[in-house]
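Colleague: prediction below, plus the sequence it came from.
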Amino acid sequence: MRFMMLLKASKDSEAGVMPSTELLADMGKYNQSLIDAGVLIDGAGLQASSKGARVNFTGANVGVTDGPFAETKELLAGYWIIDVKSLADAIAWAKRCPPPHPGDDAEIEIRQMFETADFDNAPEQVVKQEKSFRSARKSKKR
């Protein structure tokens, strides 16, 4: 099962404050443990929302709101995509993470990702496209 672990932003991450050398080293060790266990698919830190935008859909209208965004607790500072056997395993990995915002509270949200098989009504074209996407992605990593 694939899970996304979503690291919530802090005031510092939104202000563009870079992590300390010590935190970068600790996160590097944590990420290496995910790699060594064969569970890490992808992961990255995210730049502040001031460097981003939101695309809003209201009926047939599409709008764009440039960052920054006010509610830090609703924003993300980074993510990991892992492939583990269960939610319990994903929780165990999240609990191993070094404190991501030293001196501040932090939260990692864990969400299971849908697989094509979850949609028993998916058209065959969508199933083929998904398989093609996954195999192309795997071959690019090699």
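Modeller: Happy to help now that I have it.
Colleague: neighbours around the nearest residue to R54 once chain neighbours are set aside, how many?
Modeller: Nearest residue to R54 in three dimensions, chain neighbours excluded: T65, at 4.6 Å (C-beta to C-beta, 6 or more residues apart in numbering). (C-beta placed from N, C-alpha, C; glycine too.) Neighbour count of T65, defined by other C-beta atoms under 10 Å: 10.
Colleague: residue contacts, the residue lying farthest from the centre of the chain?
Modeller: Residue distances from the centre of the chain (C-alpha atoms, centre = their mean) peak at A60, which lies 28.8 Å from the mean C-alpha position. Residues counted as contacts of A60 (C-beta atoms under 8 Å, 6 or more residues apart in numbering): none.
Colleague: heads up, I number from 70, so please use that
Modeller: OK, 70 is where the count begins now, so the last one is A129.
Colleague: next one: it, what pLDDT does it get?
Modeller: The model reports A129 with a pLDDT of 96.
Colleague: again with R211
Modeller: Value for R211, per-residue pLDDT: 51.
Colleague: with I151 instead?
Modeller: pLDDT, I151: 98.
Colleague: beta-bridge partners for it, please?
Modeller: F72, L109 (DSSP bridges).
Colleague: give me the phi and psi for A78.
Modeller: Dihedral angles of A78 (phi, psi; degrees, to the nearest 10) stand at phi -80, psi 160.
Colleague: quick one: residues in contact with the helix or strand hosting Q101.
Modeller: Assigned by DSSP states H and E, Q101 belongs to helix 90-105. By C-beta under 8 Å, 6+ apart, the residues outside helix 90-105 that reach it are P88, L109, G112, W149, I151, W162, R165, C166, P167, P169, P171.
Colleague: how about 7 Å then?
Modeller: Residues from elsewhere that reach helix 90-105, judged by C-beta atoms under 7 Å, 6 or more residues apart in numbering: L109, G112, W149, I151, W162, R165, C166, P167, P171.
Colleague: what does stretch 135-144 give?
Modeller: Stretch 135-144 is contacted by residues K77, A78, S79, K80, E83, A117, S118, S119, K120, G121, A122 when judged by C-beta under 7 Å, 6+ apart.
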